[in-house]
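Trainee: generate coordinates for the sequence data below:
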Amino acid sequence: MSSADDLLHLRDLDQKRWVALACPTRGLEFDERTLDLIDLDRDGRIRAPELIAACEWAGARLKDWQPLLRGEARLSPDSLADTDEGRALAEELQRTLALTGHAGQSDIGLDEIRERQSHLAAERHNGDGIVPVASIEDAADRVLAQRIGEAMGTVADAGGQPGIDETRIKAFFEQASALLAWHREGEAEAGCAGRRAAAMAVQAVHDKVEDFFARCRLASYDASAAATLNATDPEQLKAHATGLLSLEAGVLRQMPIAPVSPGAALPLDDRANPAWRGALAALRAQALTSDFGDSLDERDWLALKDEVRACREWLRRQPSGPVAAIGVDVVAALAATQPGGQLDEVRARLLKQVEDDRAAAPRHAALNDLEKLLLLQRGLLRLARNFVSFEDFYEGRGAVFQAGTLFVDGRACELTVDVADPARHAPVAGLAKAYLAYCECVRLNQKRTIVAVVSAGDVDFLFVGRNGLFYDRDGHDWDARIVKVIENPISVGQAFLSPYKKLVRLVEDQVAKRAAASDSTQQGRMGQLAGRIATADQPGTASAVAPAATAGAVGAVGATGTPGTPGTTGVGLPGLGVPGRRVDVGTVAAIGVALGSISTVIVGVFGRFVDLGWWIPLAVLGIVLSISGPSMLIAWLKLRQRSLGPILDASGWAINNRMKLSTKLGTALTKRPRPVPHAVKLSAPVHRPLAGAPAGHPPSGPRPAGDAAG
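Mentor: Residues are numbered from 1 along each chain as shown. All right, here's what the predicted structure looks like:
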């Protein structure tokens, strides 16, 4: 992919031929801002249609594709297409250069664009359609905007300042107009003029007073029911009596408003329920005359209801909402500050400021498009090469998924991938049939996990806990430690030696176990013998020395002339009378016969082997193949299946191709040191005496130049 036509006609390329169909926007060695701009649905993944859309979007705005093919980081007006989009970008390019103090430049870079964007949010009109309350110049309009923010809530603009938008402004004025219309309707009715407070006082106690007179009428019908109608659940009162009581408590307000009796009047003084005395006092002050008595009978109550019925009906129609919650008086006062007591003019002024702010949006959108175009010019071709064909990977230029280079066990592993969750990554990555080493990398207070593909050398010294050094793509070094390995063959040559290495390890393990067991036995016997020798001067001790306990240790101390029985040989401990260990002659003879038989078999096999003559090399080859052949065959089959696809799939890619890792490619991805010409390998330091220095002593001065090891 090396021409503009390849990118412009990317839609025509059959997606079955694409190497990848999707990739994540994080964990790649690529600019994250560019990936976010290509990710149109903001789901953290870039799919094939989004990459195609990015290529076509850039194609519609660029006239000269050479800067894009070169990945240049600066954009000039001459490279923009002569279209509406291109001309808008060229105009914004010149405006940005002028506003950032670079009017004399012929091209623009990300530094100038980012500088312009940093000041953009702080401008009064930044194109987001939100008017900050503090930016409103008129004092009366600013007070009203504050009320709008209190009632409807504020929203932060691009600069982080609290403000109001068109939705909040319209909703506030709609609710305010309805509230003021309702208020004017009530004031116009004769029944509500000056009686609103009285109607509200009646409304506050209406249900409880109606309940009281109903109970009194029922008590008049049945005098015995008065006690029951006055009663309250004693258990409920007892539960509240043990705690802190409040006149606002539900149990007190549920009790009758006053004591019930046949034909009783409603007391308006201290005889009433304490929980309702405040509401009754407001009723007396707002709805009754000053010379009214201390009680209200049912006839006066009915008359009072008739007086305020129209006003109560008006109160029931009061609009609800956040504007009504701040009070009709506050809204009416705000309206009174406007000419003619109307809010329409201030509403129009506030909406005009919103429109002025939105008018700047196209210019700011052009600035954002300018940033996007510059980022695509810099990295779109590289992303396409790492998405459609993986050209950078196969040509050794470093793919976007390669995290860096891991140095461990005398090799450099260049195929490393960032891993977010090794536990979820390993089951899928294991299907790659490659030898994988998961490493935990630490640098200062940062931590990351990578997986490295080991595709050359041997694995004898690759194990969990092995330390190495990881260099990321920026050249930063990280301490690396292997935390998990997935073992698979690395090469057929390694598989050839594998059976012999396993045999050597098994022999070493068995020898080590036998040596450890023998050493433990001898230590025990020597300890017993030492204890008996230490107590040999005590009475009755020397004769108690067991022959079986000392027999194995006597040879270590020295032979004596203690005679044995006929047909045996023995050694003894001088001065202690300990008899030597006896060896049966029959046992010695049996061992000799066994050794003779074994030697006869070996000589016979060797003789047959020598009789092969010129067929000896083929026989040796057959023996070797019978041992190494199975492991080499298994390794060859697995190496044919080795691929990169499962490793990337586990990291969030959608790989559309198997991406086989051939032996040649694997050798290129895991590098081993080359021999240094004319190097001298020394097993130990060599000291050459200086002239006049005594033989056998190291020189005291500097070493000759010829002593330096290559």
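Trainee: where's Ala201, which helix or strand?
Mentor: helix 196-221 (DSSP states H and E).
Trainee: hmm, I typed the wrong one, I wanted Arg299.
Mentor: Using DSSP H and E, Arg299 maps to helix 298-316.
Trainee: rounded mean pLDDT for that helix, please.
Mentor: Here helix 298-316 scores 85 as its mean pLDDT.
Trainee: and for that helix, what's in contact with it?
Mentor: The contact list for helix 298-316 (C-beta atoms under 8 Å, 6 or more residues apart in numbering) reads 182, 185-186, 189, 191-192, 195-196, 198-200, 202-203, 206, 209, 213, 216, 265-266, 287-288, 296. Bear in mind the C-beta positions are built from the backbone N, C-alpha and C, glycine included.
Trainee: hmm, which of those are the buried ones?
Mentor: Buried by 16 or more other C-beta atoms under 10 Å: 182, 186, 191-192, 195-196, 198-200, 202, 209, 213, 216, 265-266, 287-288, 296, out of these.
Trainee: gap between the longest helix along the chain and the chain center?
Mentor: In the chain, with assignment by DSSP state H, the single longest helix is helix 492-534. Put simply, helix 492-534 sits 49 Å off its chain's centre (C-alpha atoms, centre = their mean, to the nearest Å).
Trainee: same question, stretch 107-119
Mentor: Distance, centroid of stretch 107-119 to centroid of chain: 31 Å (C-alpha atoms, centre = their mean).
Trainee: tell me the buried residues in it?
Mentor: Buried residues in stretch 107-119 (16+ other C-beta under 10 Å): Asp107, Ile108, Leu110, Glu112, Ile113, Arg116, Gln117.
Trainee: inside helices: which ones of those residues?
Mentor: Reading helices off those with DSSP H, I get Leu110, Glu112, Ile113, Arg116, Gln117.
Trainee: can you redo the buried residues of stretch 107-119 as CSV with distance to Met632 and pLDDT?
Mentor: Listed next are the buried residues of stretch 107-119 as CSV, based on distance: C-beta to C-beta, whole Å; pLDDT from 0 to 100:
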residue, distance to Met632, pLDDT
Asp107, 60, 91
Ile108, 61, 93
Leu110, 55, 92
Glu112, 62, 91
Ile113, 59, 91
Arg116, 65, 86
Gln117, 61, 82
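Trainee: next up, phi/psi of Ile136, please.
Mentor: Dihedral pair for Ile136: phi -80, psi 120, per degrees, to the nearest 10.
Trainee: check contacts around the residue lying closest to it once chain neighbours are set aside.
Mentor: Spatial nearest neighbour of Ile136, excluding adjacent residues (C-beta to C-beta, 6 or more residues apart in numbering): Arg142 at 4.3 Å. By C-beta under 8 Å, 6+ apart, the contact list for Arg142 reads Val133, Ala134, Ile136.
Trainee: one more: Arg26?
Mentor: Glu32, Gly44.
Trainee: got the domain boundaries for the chain?
Mentor: 4-123+361-394, 138-359, 404-488+642-671 (automatic domain parsing).
Trainee: show me where the stretch 451-600 of the chain has its helices.
Mentor: 492-534, 547-557, 585-611 (DSSP state H, counting those that start in this stretch).
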